[in-house]
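**Q** The sequence isn't on hand, but the structure is:
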């Protein structure tokens, strides 16, 4: 999937992946896609909840080896 910006939250524990994802989205424009990489298993539930609460679309989530990958589209 194409994306405009990538944020690697590997090694960060809850709630830092969400906090830093929120900061990464700030300077993006509506419709742009952010790719987030995380190693925290809790980020799977957290990212879905974050997207729902903020109105940003969680386009896709999956895993690459031991890492979780999310694609968020800024509202």
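**A** Everything's here; your move. Keep in mind the model is a prediction, meaning the values are calculated, not measured.

**Q** Look up which helix or strand residue 59 falls in, please.
**A** Taking DSSP states H and E as the criterion, residue 59 maps to strand 57-64.

**Q** tell me the pLDDT at the residue located most distally from the centre of the chain?
**A** Within the chain, the residue lying farthest from the chain centre (C-alpha atoms, centre = their mean) is residue 65, at 17.0 Å. In this prediction, residue 65 carries a pLDDT score of 95.

**Q** Look up how far residue 75 lies from it.
**A** Note on residue 65: its distance to residue 75, by C-beta to C-beta, to the nearest Å, is 30 Å. In this view, the C-beta of every residue, glycine as well, is placed from N, C-alpha and C.

**Q** likewise residue 68?
**A** Using C-beta to C-beta, one gets 22 Å for the distance from residue 68 to residue 75.

**Q** Which of these two has more residues huddled nearby?
**A** Using other C-beta atoms under 10 Å as the criterion, residue 68 and residue 75 rank with residue 68 on top: 22 against 11.

**Q** Identify the residues contacting residue 6.
**A** The contact partners of residue 6, taken as C-beta atoms under 8 Å, 6 or more residues apart in numbering, are 34-37.
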